[in-house]
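K.L.:
give me a 3D structure for the following:
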Amino acid sequence: MRWASAIATAPDTIAACDQAAAEAAEALGDARADLVLAFVTDHHAAGFAHLSRTLARQFPGAAIAGCTVGGAIGGGLEIEHRPALAVTVARLPGVTAAVHHLGPDPDTWLAPDHDARAVIALPCPMTSPVDRLVPWLDTVWPTATTVGGLASGGMTGRGRPGNTLFAGEDRHREGAVLVTLDGDVAVDTIVAQGCRPVGPPLFVTKGLGSVILELDGKPALAALAELHASMPPADRALCRHSLFIGLARDGARLGRRDVLVRNLVGCDRASGALTVAASVEPGQVVQFHLRDAATSAEDLAELLAEPAAPAAGALLFSCVGRGQALYGEPNHDSEAFARARGQVPIGGFFCNGELGPVAGKTFVHGYTSAFAAFRRRGAVA
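P.N.:
Numbers count the residues shown, from 1 in each chain. All right, here's what the predicted structure looks like:
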């Protein structure tokens, strides 16, 4: 298994496409590409036909997929807010790679008649019902590892509103593109949600749907108010804009890999209820969380420090709210990965939502960096 990644920032589409494709092919060497992923900003909208033709010509026989993005990741760089085209290619011996397009209507979705060990999902958030797509993927391929990101084109105003999805030489304006990998492939994931817990774990003692009525026998809002009063001033200030709640996904554990971080949507002062962006159940363990740049960096570093098998290549699906907007510097998460895991070719993009597993189930995340490290199934730590 061999991977390569390149990125081009030339404003001219033909030059950028030719450069990125040539650099990726050169890095792959004599190996034939079986998979090509292309992530392109809509500065290049007028040249998308050239992009499709160039990739098909440069990498004959490869499965080709991609989408429009607000920022592209490749070749060790994270390019935001300016023209960029990232191309990631892989030679995958013993692996079958296939590309599928799903339209916007779930009633038309047909499960492919093959298995998958990994799924890379690239939905358009404006036209694909992602809340139905993600559980559908887990149902169709229950043993596969699903990763990906919601396309984030349309952020520059240079192209048509919305997104373009690439599937081979075809281009689509709606739905989702899926890449399935089956055979001699394994995927190790890191879902860095960038938060730290504050206060003690609490039991949901009364709740319905997405509404938490009581925590540890108290009105949920009263429990939050008690926590807020006990916080240092800096954390109280963060609560104004960066307060979240973590939900245990594996029994009563709230470990870093077992917690699903979700937004607090609202509160009702009369009843003392809190509404969260997820379903909760009585007896579930929850814990409030805070997020800032330092916490996000620390969270990622700790996850990357865990023992891991050597990877041949990796993908990074990072929130558009991370990057320079969060850290004040470019390439933060890509460089953190390189420091921890070595010079592994990595590609990806800044997303409008990130797909990755928590406790064995796939979720759409926000403000997250979801890494997928690819290796042969026999390559272990």
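K.L.:
from Glu214, how far off is Trp206?
P.N.:
One thing to correct before we go on: residue 206 is Lys, not Trp. In this view, Lys206 and Glu214 are 4 Å apart by C-beta to C-beta, to the nearest Å. Heads up, the C-betas are built off the backbone N, CA and C, glycines and all.
K.L.:
repeat for Ala31
P.N.:
As defined by C-beta to C-beta, Ala31 lies at a distance of 59 Å from Glu214.
K.L.:
the more surrounded of the two?
P.N.:
Glu214 (21 against 17; other C-beta atoms under 10 Å).
K.L.:
tell me the strands beside the host helix or strand of the more buried one, with direction?
P.N.:
According to DSSP states H and E, Glu214 maps onto strand 211-215. Here strand 211-215 is paired, per DSSP bridges, with strand 196-208 (antiparallel), strand 218-219 (antiparallel), strand 273-276 (antiparallel).
K.L.:
give me the residues contacting the shortest one.
P.N.:
Spelled out, that is strand 218-219. By C-beta atoms under 8 Å, 6 or more residues apart in numbering, the residues outside strand 218-219 that reach it are 213, 226, 271-273.
K.L.:
between those, which is closest to Gln58?
P.N.:
Minimum distance to Gln58 across the contacts of strand 218-219 is 56.4 Å, recorded for Ala273 (C-beta to C-beta).
K.L.:
and the closest one, how many residues sit next to it?
P.N.:
By other C-beta under 10 Å, 19 other residues sit near Ala273.
K.L.:
check contacts around it.
P.N.:
By C-beta under 8 Å, 6+ apart, the residues touching Ala273 are 211-213, 219-221, 267.
K.L.:
separation between it and Arg240?
P.N.:
Here Ala273 is placed at a distance of 20 Å from Arg240 (C-beta to C-beta).
K.L.:
circling back to that earlier point, any idea of the mean pLDDT for the strand holding Glu214?
P.N.:
Throughout strand 211-215, pLDDT has a mean value of 97.
K.L.:
could you tell me how far it lies from the centre of the chain?
P.N.:
Put simply, strand 211-215 sits 29 Å off its chain's centre (C-alpha atoms, centre = their mean, to the nearest Å).
K.L.:
not counting that strand itself, show me its contacts.
P.N.:
Residues contacting strand 211-215 (C-beta under 8 Å, 6+ apart): 202-207, 219-220, 223-224, 271-276, 280, 286.
K.L.:
pull out the buried residues from it.
P.N.:
211-215 (16 or more other C-beta atoms under 10 Å).
K.L.:
domain ranges for the chain?
P.N.:
2-192+298-375, 196-289 (automatic domain parsing).
K.L.:
so for the strand or helix carrying Arg57, what gets flagged as buried?
P.N.:
Using DSSP H and E, Arg57 maps to helix 48-58. By neighbour count with 16+ other C-beta under 10 Å, helix 48-58 contains the buried residues 48, 51-52, 54-55, 58.
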